[in-house]
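>>> Task: produce atomic coordinates for the following.
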Amino acid sequence: MNANLQVGERVMLIDGKDRRYLITLREGSAFHTHAGIVQHDDLIGAPEGSTVKGNAERSFIVLRPTLADVVLKMPRGAQVIYPKDLGAILLQADIGPGMRVLEAGVGSGALSMTLLRAGALVTGYEIREDFALQATKNVHEMLGTDVSYKIEIRDVTLGIDEQDLDRIILDMPEPYAVVEHAIKALRPGGIFLAYLPTINQTQLLRETLRQFSFGMEETVEILRRTWHIDGRSVRPDHRMVAHTGFLTSARRLVGRQPLD
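Modelled structure (predicted):
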């Protein structure tokens, strides 16, 4: 990657109060903020990590955005999964290069980006066409078009066409309605993972998983707390990203009898 910023790249401007602005560099354009106007031409060709000034003499750091930056700032039609949960999903679902993953409830594409960046081959099921279009746009703007990614407009609760999948990952209100289809679509040892906001939904999912050939069930919740460190002033920050969702995973087993 070129060390200097190029026309057409997305960059993150960060002001003195750590406010972040995601923009795409275009010749002759300007970014307007209450802290001043920044000319794109002053950014194009500058080294990543530079400090630039707007017309009001306010300074901005300019960097290429991380995946977490893009997830939180990108256009979206549906609520995204937070970065703290995206990282946990990669490990809990054990995502790796070349794995065939079915993702249902694609939303704005945050999870899709994360899976693709890890090298997975992703097929998405999404019932809303506007969400599918926005997710595809977000994925291609972040990762380019040379990724193994396709979305079908369909309801995963009605069935799964793919076979011998390595992973099934769901972000939808009723993942328990997919379990019976998932057991047929996953390869032996494959992982099923669902992201749910409430413990009641999670309990129902766990009960359903136990009725089929799944085992090794695990449910976790990820809490993220940052710290204020300034000289000898050391304390937790006043705000934290606490509950966002429950992650429940299970493995497809062979020969396990459904529970009565």
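>>> On the three-state scheme, the nearest residue to Pro83 once chain neighbours are set aside is what?
In this structure, Pro83 finds its nearest non-sequential neighbour in Ala68, 3.9 Å apart by Cβ to Cβ, 6 or more residues apart in numbering. Glycine gets a C-beta too; all of them are placed from N, C-alpha and C. Ala68 falls in the helix class when you classify it by DSSP: H, G, I helix; E, B strand; the rest coil.
>>> Counting neighbours, what do you get for Ala68?
Applying other Cβ atoms under 10 Å, we find 15 residues neighbouring Ala68.
>>> ok, now Ala46?
Ala46 has 17 neighbouring residues, counting by other Cβ under 10 Å.
>>> That one reaches Val62, doesn't it?
Yes - counting by Cβ atoms under 8 Å, Ala46 sits close enough to Val62 to count as a contact (6.6 Å).
>>> between these two, what contacts are shared?
Leu5, Val52 (Cβ atoms under 8 Å, 6 or more residues apart in numbering).
>>> how about the nearest residue to Thr114, chain neighbours excluded?
In space, and not counting its chain neighbours, Thr114 is closest to Leu86: 4.5 Å by Cβ to Cβ, 6+ apart.
>>> a strand runs through that neighbour, doesn't it?
No - the assignment for Leu86, made by three-state DSSP, is helix rather than a strand.
>>> which residues does it contact?
Leu67, Ala68, Val71, Ala110, Leu111, Thr114.
>>> was I right about the fifth one contacting Glu103?
Yes - Leu111 sits in contact with Glu103 when judged by Cβ under 8 Å, with a separation of 6.1 Å.
>>> Residues that sit against both of those two, list them.
In contact with both Leu111 and Glu103: Ile169, Asp171, using Cβ under 8 Å, 6+ apart.
>>> mind listing what's buried in the longest helix along the chain?
Of all the segments of type helix in the chain, defined by DSSP state H, the longest one is helix 129-143. For helix 129-143, a neighbour-count test (16 or more other Cβ atoms under 10 Å) marks Phe131, Ala132, Gln134, Ala135, Thr136, Asn138, Val139, Glu141, Met142, Leu143 as buried.
>>> Pipe these into a markdown table and attach pLDDT and distance to Ile191 per row.
A markdown table is the format used below for the buried residues of helix 129-143 (pLDDT from 0 to 100; distance: Cβ to Cβ, whole Å):
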| residue | pLDDT | distance to Ile191 |
| --- | --- | --- |
| Phe131 | 94 | 24 |
| Ala132 | 95 | 24 |
| Gln134 | 93 | 27 |
| Ala135 | 94 | 22 |
| Thr136 | 95 | 25 |
| Asn138 | 93 | 25 |
| Val139 | 95 | 22 |
| Glu141 | 91 | 29 |
| Met142 | 91 | 25 |
| Leu143 | 93 | 23 |
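>>> so can I have CSV of those residues showing distance to Tyr82?
Below are these laid out as CSV (distance: Cβ to Cβ, whole Å):
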residue, distance to Tyr82
Phe131, 18
Ala132, 21
Gln134, 18
Ala135, 17
Thr136, 21
Asn138, 16
Val139, 18
Glu141, 20
Met142, 17
Leu143, 19
